[in-house]
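Undergrad: Below are the sequence and a predicted model for it; my questions follow.
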Amino acid sequence: MIIAVDGPAASGKGTIAKALAAHYQLPHLDTGLLYRAVALNLLRWGGDPSDEKEALAACDFSQIDFDDPELKSEAAGGVASRISVYPLVRAALIKRQRDFAEQPSGAVLDGRDIGTVIAPQAEAKLFVTAKADVRARRRHAELTKLGLQTHLEDVLLDIQARDERDRTRDMAPLQQAEDADLLDTSEMAIDAAVQRAIALVEARL
Ligand code: C5P
């Protein structure tokens, strides 16, 4: 079974994807981390995010520790959204994601284009969303917990800019797949959102 979980930044999709993976005992891939890793390489090398070739050269995970909290920073998220518009970067990351989706055990993947591009064959697809101000508050709390200091207003502006870029890019834009179930978590505590996600997946099996 493949479960695709897509949605904008801080919608709750990552937490929901993790909970679904635990519930169904499936491996989980946060695909945003791949784009963030490319961004972090560029930030560390002093590379230029507006140069597609440099971004392609940064698609190398040999020096990346996927537990590094810097991957979660707003700086890495912002650059990730800039370099994720490049067809060469998306193409370089596709195989890794498809191989993960197609492993015999099945898998849960979360991102922006899982249900539309990476695994359109997924048995269950969720499009997780929430109002921008709710998402900004969540992301701000998350960053504070990681020890990263930010202002709520800046986080909101970053989230809005990122959403706009992710939704309007030519290649694999953020959009709900036709056969995805919509889950708006604006008014939901995380436990309730997870229970609802499980019920939606069950209804598709
Ligand atoms: O989900 P997360 O916020 O970690 O993703 C960081 C950025 O990576 C997103 O804003 C988006 O531009 C990009 N991304 C993508 N496709 C995915 C996952 C992430 O373009 N499947």
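TA: Here it is on my side, so go on. Everything numeric here is computed off the predicted structure, so don't read it as measured data. Residues are numbered from 1 along each chain as shown.

Undergrad: residues in contact with the longest helix anywhere in the chain?
TA: Ranked by residue count and defined by DSSP state H, the top helix of the chain is helix 152-168. Residues outside helix 152-168 that contact it (C-beta atoms under 8 Å, 6 or more residues apart in numbering): 8-10, 74, 77-78, 81-82, 84-85, 112, 132-133, 135-137, 139-140, 143, 173-175. Yep, even glycine has a C-beta here, placed from its N, CA and C like the rest.

Undergrad: Number of residues surrounding the closest residue to residue 173 other than its chain neighbours?
TA: Nearest non-adjacent residue to residue 173, counting by C-beta to C-beta, 6 or more residues apart in numbering: residue 167, 5.6 Å away. Neighbour count for residue 167, taken as other C-beta atoms under 10 Å: 12.

Undergrad: cool, residue 137 as well?
TA: By the criterion of other C-beta under 10 Å, residue 137 has 16 neighbours.

Undergrad: Pull out the buried positions in the helix or strand containing it.
TA: Using DSSP states H and E, residue 137 falls within helix 132-145. By 16 or more other C-beta atoms under 10 Å, the buried positions in helix 132-145 come out as 132, 134, 135, 136, 137, 138, 139, 140, 142, 143.

Undergrad: Can you give the distance of it from its chain's centre?
TA: Average the C-alpha atoms of helix 132-145, do the same for its chain, and the two points are 15 Å apart (C-alpha atoms, centre = their mean, to the nearest Å).

Undergrad: Then stretch 153-170?
TA: The chain centre lies 13 Å from the centre of stretch 153-170; the measure is C-alpha atoms, centre = their mean.
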